[in-house]
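>>> My questions concern the predicted model and sequence given below.
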Amino acid sequence: MPEIAHTSSASAAATASAPLDLPERFEDMLERLHVVRLPMVTRFRGITEREVALFAGPAGWAEFSPFTEYGTAEASRWLRAGLEFAGFVPTLAEAAPAAASSRGFVPERVSVNGTLPACAPNEVESILSRYGTVSTIKAKVAEHGIDSLDEDLERLRELRRLFPDTTLRLDANAGYSLPDALEACEAFAGFELQYFEQPVAGVEGLAQLREALTRRDIPIVLAADESIRKAEDPLRVAELGAAEVIIVKVQPLGGIGQALSVIAASGLPTVVSSALESSVGLAAGAELAARLPRTRASRDILGESVACGLGTGRLFTADVVSESASLTPVDGSIPAARITPDPDRLQQLAVDPGRFDWWTRRLQQCWTFLRRGGTAEV
């Protein structure tokens, strides 16, 4: 089990919650806010459209796109990430040691996996063809919990028929109870998984599942995703031995600096994933992916080149830039580059006035929360 840097983590968490030096109203700092609606190829995470807010700062464009059901405290971390990426607030000081550990060669492109939503077997080939040649595929399972198992197995058999040599990951989005997860793991073990992402909810649930898999000698590596929402979570995963891999996302953790800090403190192999963002948001994930520390444990589980979950641009039918300028994967990778939206696309994809007003109210609530160090009554 890796050594956990408790002091560093506590300090980083305290820094992340410190009040930010921001004006009272976001309009006094953000020159222009754009909110767009991105239609999706197929239903994913229960939605067919994704709304995201975009703004520009001294360092370039950034995204604020917490899911609509998230409360102000959780959504405010997403805003802090955007403000950091745009250059309005400094990178957290605790990121310096973590960043130093990954200095040296920084790739111009980062490897990504293809993503297969829950779909009919006859749709597998057409959906994955959008990614071109990829070496790794992540398939969603458990859309309806254990009741989806037969459908999931049929879809995976078709995937393996079409792509027999592709590295396969599964993601259940915490869709199983512990007994159901064990049943599913026994059924999925024959597909030679690289890892199984968040079969059950919570860090404790993952720890219990990992112990049960060991007792039954089921050779499945577990990864924590939904259990990674704030700085303390990856450390809790490592302390309990709940998973062997962590999945991190820039916005939910509060920015690239915070993410680098918690990755270093946890000591666990890491995959960077998208929060279902536009190319603007994916650019922050790509920068983090390019700076991931490489360790022996990471190479043993994830290989020499970590395929990150940043190919989700292929799940949209439109983006804020043209196809040639977007961060959609070409032969299994995307560039680690910043994105400037196309003004015409921003206009074409703009939400209606009512939704724009909803997002401005939400952004101001999170803005106030950050100004007051997470103590605002909003």
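Ah, there it is.
>>> Which elements pack onto the helix or strand containing T214?
Element membership for T214 (DSSP states H and E) is helix 203-215. Applying 3 or more CB pairs under 8 Å, 6 or more residues apart in numbering; DSSP states H and E, one finds that helix 203-215 contacts helix 178-188, strand 222-224, helix 233-240. For glycine as for every other residue, the C-beta is placed from the backbone atoms N, C-alpha and C.
>>> which helices and strands sit right next to the second one?
Of the remaining helices and strands, those touching strand 222-224 by 3+ CB pairs under 8 Å, 6+ apart are strand 193-197, helix 203-215, helix 233-240, strand 245-248.
>>> between these, which one is nearest to R372?
helix 233-240 (23.3 Å; CB to CB).
>>> could you pull out the helices for this structure?
With DSSP state H, the ranges of helices along the chain come out as 6-17, 72-86, 95-101, 124-129, 149-162, 178-188, 203-215, 233-240, 250-253, 256-266, 279-290, 296-302, 343-348, 353-371.
>>> just the angle between the last one and helix 72-86, please?
Right, the one you point to is helix 353-371. Using axes from the mean of the first three to the mean of the last three CA atoms, to 10 degrees, the inter-axis angle of helix 353-371 relative to helix 72-86 is 90 degrees.
>>> Could you find the closest non-adjacent residue to G132?
The spatial neighbour of G132 that comes closest, neighbours along the chain excluded (CB to CB, 6 or more residues apart in numbering), is D331 at 4.9 Å.
>>> A81 is in contact with L253, correct?
Yes - applying CB atoms under 8 Å, one finds L253 in contact with A81, separated by 7.2 Å.
>>> Among these two, which residue is more densely surrounded?
A81 (30 against 27; other CB atoms under 10 Å).
>>> Quick check: the more buried one touching G257?
No - taking contacts as CB under 8 Å, A81 lies outside contact range of G257: 9.3 Å.
>>> Sketch out the low-pLDDT regions of the stretch 251-378 of the chain for me.
375-378 (pLDDT under 70).
>>> Also the stretch 51-200 of the chain?
Per-residue confidence for the stretch 51-200 of the chain (pLDDT under 70) gives these ranges: 92-106.
>>> one more time with 80
Along the stretch 51-200 of the chain, the parts satisfying pLDDT under 80 run over 92-107.
>>> and the gap between H34 and P343?
9 Å (CB to CB, to the nearest Å).
>>> More neighbours: which of these two?
Neighbours were counted for H34 and for P343 using other CB under 10 Å; H34 has more, 22 against 10.
>>> OK, contacts around the more buried one?
By CB atoms under 8 Å, 6 or more residues apart in numbering, the residues touching H34 are 53-55, 341, 346, 350.
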